Each structure stands twice: as C-alpha cells, then as structure tokens.
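Visitor: Structure for the following, please:
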Amino acid sequence: QVIKFIKFFRSKRDLGLEQIQCDFDDTKNDQLVEDMYTQDEVHSAFDSMSNVVKHTARTELSSVINMTVLLLAQLFESADDQGAILEMDTSSIEDQRLLEEVEKMRLDKTTSKGKGVRLKDTLEQTKKELMQCESDRDLAQGKLKLTSKKLKKAEKELTKLRAKLEAGAG
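Guide: Here you go, the predicted model:
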C-alpha cells in the first residue's frame, strides 16, 4: 500500500512540474516574441511568470494536501471500523532523515520488502533514540533536583557557619 501511495503522489508531483513547465512555455510564447525588450518589459514578464508559477504551485499543493486529508480520513475510518485506534506522530513526518529515506525508496515490491530501505526500521530506530533521549533527560532532571537540594543544604550550612563566625568575632 505504501508503494501504491508513493507512486500516486510522485505522479502528481511530476504532473505539477509539467504544468509549471507549460506555464513557462506559455509565457515565453505569449510575452517574449520580440528581439529586444526594455527593462520594464522584462520585469513585467518576470512578475507575470512569478504570479503564474505561484498560482500553479498553490493549486497543486492544495490539491495534494486535500487528497492526503481524504486518504487519511479513509485510513482512520477504516481503522475505526476494525476497532483499531490510530495515532499520528506529526514530529516524525518532518524528520529529515526519514524524508530522505522515503525519497530513496524504489517503487518495486522487492525493495519495499527485501534489500532496500526499510522506512519502518528507520522510524523505529528514531523512536528508540527519542525514548533514550527522554530517559536521559529524566535522569538528568532527577540529578539536577538532587544537586539543587544539596546546594540549598550547603548554602544553609554556610549561612549558619557565617553566623557562628560573626557571633564569635563580635
């Protein structure tokens, strides 16, 4: 299913890039027909191209976002119908290492199950590392609290010793 998802959305990406190329070609053919142009005409052509590309990119990205939302809704609904509860870990979907692993994934089935990149393994390893970091943080916080208590106790003792010293000197 992951391979199917990747194929679908990579084809959507490629179509979006083709549309942007068509936008460039249309602009060249519609606005750039003379041999010489003034600076204002060149700026106008670039501004026009920028607006067209932004519009196309916004439209394509919105479409991909909406399709992804629909797909996730189907997935969550299907899981709910089966009595399963799915949770999303949005922090992992921005993990650059995982994104690079997805980009490297080949689309043949042998790669997804065999010798190729194991995205699930990478995700599990990242989760283990995160859990270890959280555990280390908790341990460090515990040590910090203990050290803080010791410091407060030493400060009180120091204050008492200073008071005795001053009382003895006075």
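
Visitor: The longest helix along the chain - contacts with which helices or strands?
Guide: Taking DSSP state H as the criterion, the chain has its longest helix at helix 119-169. Here helix 119-169 is seen to pack against helix 96-104 when contacts are counted using 3 or more C-beta pairs under 8 Å, 6 or more residues apart in numbering; DSSP states H and E. C-betas here are computed from N, CA, C, even on glycine.

Visitor: what comes up buried for the helix it packs on?
Guide: 98, 101 (16 or more other C-beta atoms under 10 Å).

Visitor: Which strands and helices lie in contact with that helix?
Guide: helix 119-169.

Visitor: quick one: the helix it packs on to helix 96-104, angle?
Guide: 170 degrees (axes from the mean of the first three to the mean of the last three C-alpha atoms, to 10 degrees).

Visitor: which residues touch Thr56?
Guide: Residues counted as contacts of Thr56 (C-beta atoms under 8 Å, 6 or more residues apart in numbering) are 16, 19-20, 23.

Visitor: For this protein, which helix or strand comes out least confident on mean pLDDT?
Guide: helix 109-113 (a mean of 46; mean pLDDT, DSSP states H and E).

Visitor: what about this protein, any weak spots by pLDDT?
Guide: 106-126, 170 (pLDDT under 70).

Visitor: again, 80 this time
Guide: 1-3, 105-131, 133-134, 169-170 (pLDDT under 80).

Visitor: how far away is the spatially most central residue of it from Thr27?
Guide: Nearest to the geometric centre of the chain sits Glu94, at 1.5 Å (C-alpha atoms, centre = their mean). From Glu94 across to Thr27, the span is 34 Å (C-beta to C-beta, to the nearest Å).
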